[in-house]
Structures are given as C-alpha cells and as structure tokens.
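Asks: turn this into a structure:
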Amino acid sequence: MSPFDQHAADDLRRGVPDHYTSAQTPAYEMIAAVDAAFDRLIVYRNNCLHSALLGGSPLTDDPRTGRLTVNTFISPA
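Replies: Numbering: from 1, shown residues only. The predicted model follows:
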C-alpha cells in the first residue's frame with residue numbers, strides 16, 4: 001500500500017479531523033514551505049499531500065481582496 005493510500009485509510013478509520021491540517025498536525029511532517037507572493041505559481045506532484053499555511057491570517061469571501069487558488073491536474077501527453 002502506498003503512503004498516500006495508507007494515510008487515506010488511516011483518515012477513514014479515525015474520521016474527519018476537527019481542525020485544518022497544519023504544520024502542527026501530529027500525523028504529518030512538514031517537509032517544505034513556500035511563502036505567499038503576488039502572482040506566484042506553485043507546482044507539485046499530484047500525489048503530494050499539501051495544505052495552505054494560513055497562520056492565523058484573516059480570510060475573506062471577497063474575490064477582490066481574498067486568496068484565489070486554482071486546483072487542477074495536468075497529465076503529460
């Protein structure tokens with residue numbers, strides 16, 4: 001079983017966590033971090049567990065001032 005499948009199975013067994021996955025989540029180890037920056041593109045393999053480091057920053061529903069993300073998968077031809 002792959003590490004990703006093992007984590008998924010563990011999550012199903014434990015149930016949905018009552019908090020957002022962060023650097024302090026016991027079941028995971030943060031191995032990298034990328035600071036937020038205007039017009040920044042971050043690309044990583046689709047089998048990598050990832051999470052935004054919100055750091056207590058206020059979030060807003062206003063698209064003019066909020067954080068805009070695009071989640072997509074791209075496969076080579």
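Asks: next, count neighbours for Val75.
Replies: Not Val; residue 75 is Ser. 5 (other CB atoms under 10 Å). Just so you know, the C-beta spots here come from the backbone N, C-alpha and C atoms, and that holds for glycine as well.
Asks: got the contact list for it?
Replies: Listed by CB atoms under 8 Å, 6 or more residues apart in numbering, Ser75 has no contact partners.
Asks: ok, now Asp62?
Replies: Counting by CB under 8 Å, 6+ apart, Asp62 has no contacts.
Asks: what's the pLDDT at it?
Replies: On pLDDT, Asp62 comes in at 81.
Asks: now swap in Gly15 and tell me
Replies: So, for Gly15, pLDDT stands at 67.
Asks: what do you get for Arg67?
Replies: pLDDT, read off for Arg67, is 74.
Asks: residues near the spatially closest residue to it that is not a sequence neighbour, how many?
Replies: Using CB to CB, 6 or more residues apart in numbering and skipping residues adjacent in sequence, the residue nearest Arg67 is Leu59, 6.8 Å away. Burial measure for Leu59: 9 neighbouring residues, criterion other CB under 10 Å.
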